[in-house]
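In: here is a sequence together with a model predicted from it:
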Protein chains: 4
Amino acid sequence: MIGGGRDAFIGAVHRMAANLDGQIELVAGCFSSDAEKSRLSGQDLFLALGRVYSSYEQMAEREAKLPAAQRLDFVSIVTPNHLHAPIATAFLQQGFHVVCDKPMTRTLEEAAALREVVNRSGKIFALTHNYTGYPMVKEARELVGRGEIGRVLKIVAEYPQGWLLDQIEASGHKQASWRTNPEQAGASCCIGDIGTHAENLGRYITGLEIDSLCADFTAFIPGRALEDDGNLLVRYKGGAKGILYASQISAGEENNLSIRIYGTKGSLAWKQEHPNELTFHPKDQPARILRRGNGYVSDVAKKFTRLPFGHPEAFIEAFANIYTEVTRAIRDRLEGKPAADYDFPTVEDGVAGMAFIETAVKSASSDQKWISLIKH
Amino acid sequence: MIGGGRDAFIGAVHRMAANLDGQIELVAGCFSSDAEKSRLSGQDLFLALGRVYSSYEQMAEREAKLPAAQRLDFVSIVTPNHLHAPIATAFLQQGFHVVCDKPMTRTLEEAAALREVVNRSGKIFALTHNYTGYPMVKEARELVGRGEIGRVLKIVAEYPQGWLLDQIEASGHKQASWRTNPEQAGASCCIGDIGTHAENLGRYITGLEIDSLCADFTAFIPGRALEDDGNLLVRYKGGAKGILYASQISAGEENNLSIRIYGTKGSLAWKQEHPNELTFHPKDQPARILRRGNGYVSDVAKKFTRLPFGHPEAFIEAFANIYTEVTRAIRDRLEGKPAADYDFPTVEDGVAGMAFIETAVKSASSDQKWISLIKH
Amino acid sequence: MIGGGRDAFIGAVHRMAANLDGQIELVAGCFSSDAEKSRLSGQDLFLALGRVYSSYEQMAEREAKLPAAQRLDFVSIVTPNHLHAPIATAFLQQGFHVVCDKPMTRTLEEAAALREVVNRSGKIFALTHNYTGYPMVKEARELVGRGEIGRVLKIVAEYPQGWLLDQIEASGHKQASWRTNPEQAGASCCIGDIGTHAENLGRYITGLEIDSLCADFTAFIPGRALEDDGNLLVRYKGGAKGILYASQISAGEENNLSIRIYGTKGSLAWKQEHPNELTFHPKDQPARILRRGNGYVSDVAKKFTRLPFGHPEAFIEAFANIYTEVTRAIRDRLEGKPAADYDFPTVEDGVAGMAFIETAVKSASSDQKWISLIKH
Amino acid sequence: MIGGGRDAFIGAVHRMAANLDGQIELVAGCFSSDAEKSRLSGQDLFLALGRVYSSYEQMAEREAKLPAAQRLDFVSIVTPNHLHAPIATAFLQQGFHVVCDKPMTRTLEEAAALREVVNRSGKIFALTHNYTGYPMVKEARELVGRGEIGRVLKIVAEYPQGWLLDQIEASGHKQASWRTNPEQAGASCCIGDIGTHAENLGRYITGLEIDSLCADFTAFIPGRALEDDGNLLVRYKGGAKGILYASQISAGEENNLSIRIYGTKGSLAWKQEHPNELTFHPKDQPARILRRGNGYVSDVAKKFTRLPFGHPEAFIEAFANIYTEVTRAIRDRLEGKPAADYDFPTVEDGVAGMAFIETAVKSASSDQKWISLIKH
């Protein structure tokens, strides 16, 4: 693991997700650029001292030299955005597989370059768009794929949060500080941090690609260099329309990602804060509440399910499902099996996400109504 | 009553709303331009035959000649949109007060002209933006007015329906036919019919005026001349932002008007299909579920409440609240009292609504991103 | 109308319900045993002074002497419980049809006697167990009747309220005073006032009769002569089991009547505070949310529906549905038509309700576990 | 771990819960009485072959002889009920701490004997009443403890499931088979398996002890020796009243444990299937929706929280919280620290649970209305 030292948020999530199934063992890490902090974090995690590093370059180099039986199989990158690309590149080039947090890079240009590195390396690269790991999201994708809602006409994807309603970055709040800093976060705060999840979720479920979009960005909090609220109208290839918005200044909202998808034969609705349920509303019929773990859900939703119905699963399990598939892919590779059809977000998702972010940023400062999705 | 014969929808609603409190008696009507249908409808309603008319002109004229004690006090106009202005004008000019369904007219020009007529007549004119009649909507307005959510930053107003997902106008569905016909509905179907409710609701609660907007209209059903889905980004005067959308092709949606209002100190959320509840979420505090009929709600919400808590009120009561206020205004007039501060939508709301509709129509066909609200 | 003067609760509800469809006109009343109060109430309601009475005996007598065309068709009795039987008897004996609030009488003995009077009179007698008037309750009955949930195994009927958590009768609260007074309410407060609704609702939907029950009554508020909380285990004829409870001291509860019915093939759930929805959960299938006004509901639910889907109906409309059926029955009688299969609660429901209440009271003071339903 | 081989349910849950925080390592196990199955299960779990046993006696004995640094610290017992006592006894007597699934034993007598063993051993013994591990359950306990809802008047604890509506034990369903078999489950199926959770939950939150109860048990499925549905009226010491029911034949119900607690100043409601929310309804005030992870929740709820608000936690995290506290207790012991006030269910909870189950069983076959809780 690179990043995720004491006080970090997403690093601990990655570790719990990776621990859950007892298939992955944390053996080495560089948890902070501060050597002491990295060391203490490694100690918290019962790591052998010799495998706690204070720079990722050192870690990539030294781990690559270990005998195969000891050497790590893959790294998880859980740093702020601007470090994703250099760290991923370093490890890929040393022959390691990579799991990387989203958004993939700071810029689309970096993303395209990283894609080159991934492709040249032939290594596995997974991006933790974790919300696609939820079984009922996979069920939604199956239902769309089977034509249960007909042709998709409209997608409404919402991602309101409220935690940046105060200027907490001013008093040193770590999570807020890097996200609102263009140097670390890139050209977008709100759309880059969470809007990209909403976009990815819609794409994962429906397969629809954005044709063009129209964005209105606002930095409601004075002194903030990046937007903390972004509202988009979307036109998809093939004629579907969409509304996609993300906000970090919506008082009372926690992490209220939701998506509604309307087709010619029915609709679907899913809310991240109640992830075990998916509403499927066939046209002119009663809405049906599909719940995780039941016999009537598809095989793919079952495959990513650990507990019986009524025993709720949540965020960590969904996150772990990304790791489940990465583990399967790496194991197949180690065992010399041919690659299967793994269900995790790839470098292509990362490039598409960066293209979305940069297009939204471009639109936000343009007087032109519709901005085509930047080629990527 | 003018309009609202057998098979009409909104006429029956107006009658139930007007009946509810036993303050209003239906004494005359022109229920259809088809004389026989008008007569039969009048008979259904126990009217004296002599006061059932087959043209509104005739009705306005004859009723005006009746002795004051017999003469009607006001008319309710519940016809398709294109007839609102001429009928209202006829009755206002004969000295009657008018209750008129929304949208007020077919065009903004007509609306401005009607405003002139109203103002010259000195008569009471009420527009049935009925959703503002709900007690918990009034509570929301009170909370905003008292500063409970601070300065408003963002409004998300949604109004999805699904009933026009099939081309039911092709097989003669009456409600669908006139709403999708530009001759009767005006330049907009979806935004004109229901988007205007969403706009009015936001304005009623927050007092915010639209500065400019950016609209994307779609007629998803082939052969439809007007949009059946409209998505808008909104900029309010003073810096608040908004998303406003309406749809008639959203499978599974019934009449799902909802509004969320985010301020600097908290947020509010209300859903028309569960109208007895209002969620007030103060920043950094638990959400509070405010329910109609409780001691803790404001006096204004109490005033428009008929039943104790837990005995749900709904659509008809909210509609009736418009009539309650109109009745109060007319009674004050009849009793020679000075006009009070009545809480019903007026001709000004009607003009504002038409300006909103026409601006949205204009934006929908423009390449320019932001279209300023048309002066009105 | 007898009862329902200024400050009463249920009288106003009856009037709104009766007004709603414009089929019933209030022409006479005795609104209070206080002549002045009765007169003022009649004036509020625009009644002719000559038809506002200060005693029900006088009213029954004088109205009976009016010419048929002027004479009232039926009376609505909305007084406290102890007056139901004498008033109903007086009017039935003068040849009037009667609508009576529940519980029907103060004792089972009175109920049986009233049944005799009704049967001898040949008049229509309806009891306003208004919750059976909700369209989705009727839908539930239809689903059970059609075998959609198989054989019923278990009924869980809950009716918590919280309004008597303080001893408000001590400070003269009118509604609280008579309900907690055995002289006026009978031998039970909570079960008599609201438990009987829960019992009636279960019987209406499933047709199951109680075989025996086991009750635990509590008067939580010191000084209260009757229970303010009653919990029952129930055994139905044929083997189904039940839990039925009612409470008036459950803080935060408003009027939260709900019922869940579990059968061999599926279950149903309905909540009075969200009356437009009925959850039907077929075994091993997704739950289905059935909503009032849709094409897929049964004809009987449609028949008792006034508004399209998504335009919520509520308490008053359900109440009005009792009046709808009573009106139909009286009109058939007036027009000399044979009686049809009317859907309103009758004197038999009233007797059954009183048997239920008295059995519960008997059980509550017994050491015996199961008390058979008192024959009635 | 003893039990929890391939195809078991709760063993896998224990492992995920124990894995989650990276504080516990599975080093030995006896996963089945079938040696081959145990071996294969151990292999699945990456255990050293030498530490996979085919009998728990052998395991207790051999592990006790290992050097302290290698020896396991504690065992988790996840077998059917009838094996809990002998296995726990064997390990306690060899000096190991024990985590044991619930219900603790097959009989109250066994439970009392096990208590003796635990007390004599001086070892840590934890019972996995996992629902008390949820942060918002702990919050409920805090609120009750702080007097926020006043004196508790009434508890309504419900635990409906539907998975035994068919006689799946007849076709060899493993989970169903032992639960419905008195030899393995003890004298109760439904109340023993899940009713005990409901009882424990109420006791944990309120501290109230049952004084007496009145139970109605039903085996709805022909041929079932134990009840699959149990309904109880409860009287608590000090005057509170309760309804407690559990069911395994409630079609459509998954694992719908819920509890509502009504006090003199307010009420609380929590539902296991939406565990991140707790409704606190102060009397005469709006209900407040308290959500896990917010600053306004108590320190104890925060302490058992891993993710920020809006990132839902669920069943596994709650289960893990039992392990968190057991780990803390064992670590304190290993480090020679004095015992702290650990928050996990103990052998006393297990004895109390068995007393509850046996009292319910006794009541179910008694004609006496109230059966006092068996002394324990």
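Out: Yes, it's here.
In: residues contacting A:Ile124?
Out: Remark: with contacts taken as Cβ atoms under 8 Å, 6 or more residues apart in numbering or on different chains, A:Ile124 is in contact with A:Phe74, A:His97, A:Val98, A:Val326, A:Ala329, A:Ile330, A:Arg333. The C-beta positions use only the backbone N, C-alpha and C, and glycine is treated the same way.
In: in TSV, list the residues you listed along with neighbour count.
Out: What follows is the contacts of A:Ile124, written out as TSV (neighbours: other Cβ atoms under 10 Å in any protein chain shown):
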residue	neighbour count
A:Phe74	20
A:His97	19
A:Val98	27
A:Val326	24
A:Ala329	20
A:Ile330	20
A:Arg333	16
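In: what's the most distant pair in those?
Out: Looking at those by Cβ to Cβ, the two members farthest from one another are A:Val98 and A:Arg333, with 13.1 Å of separation.
In: in the stretch 251-376 of chain A, what residue spans correspond to helices?
Out: Secondary structure of the stretch 251-376 of chain A, counting by DSSP state H, counting those that start in this stretch: helices at A:299-303, A:315-334, A:347-364.
In: and those helices, which is most packed in?
Out: For those, ranked by mean neighbour count under the definition mean count of other Cβ atoms under 10 Å in any protein chain shown, the leader is helix A:347-364 at a mean of 24.
In: that helix packs against which elements?
Out: With contacts taken as 3 or more Cβ pairs under 8 Å, 6 or more residues apart in numbering or on different chains; DSSP states H and E, helix A:347-364 sits against helix A:108-121, strand A:125-127, helix A:196-206, strand A:210-218, strand A:229-236, strand A:371-372.
In: could you redo the last one with a cut-off of 6 Å?
Out: Helices and strands touching helix A:347-364, by 3 or more Cβ pairs under 6 Å, 6 or more residues apart in numbering or on different chains; DSSP states H and E, are helix A:108-121, strand A:125-127, helix A:196-206, strand A:210-218, strand A:371-372.
In: anything in the shortest one near chain B?
Out: So that's strand A:371-372. No: contact of strand A:371-372 with chain B is not found when judged by Cβ under 6 Å from any Cβ of the partner chain; the minimum separation is 9.7 Å.
In: partners of that strand, with directions?
Out: strand A:210-218 (antiparallel) (DSSP bridges).
In: now the strand it pairs with: buried residues?
Out: Within strand A:210-218, the residues that count as buried by 16 or more other Cβ atoms under 10 Å in any protein chain shown are A:Ile210, A:Ser212, A:Leu213, A:Cys214, A:Ala215, A:Asp216, A:Phe217, A:Thr218.
In: repeat that for stretch A:138-152.
Out: Applying a neighbour-count criterion of 16+ other Cβ under 10 Å, one finds A:Lys138, A:Glu139, A:Ala140, A:Arg141, A:Glu142, A:Leu143, A:Val144, A:Ile149, A:Gly150, A:Val152 buried in stretch A:138-152.
In: which member of those residues is positioned nearest chain D?
Out: Within these, proximity to chain D (Cβ to the nearest Cβ) peaks at A:Glu139, which comes in at 15.9 Å.
In: past the helix or strand hosting the closest one, which element shows up next along the chain?
Out: Using DSSP states H and E, A:Glu139 sits within helix A:135-145. The element immediately downstream of helix A:135-145 (helix or strand, assigned by DSSP H and E) is strand A:152-160.
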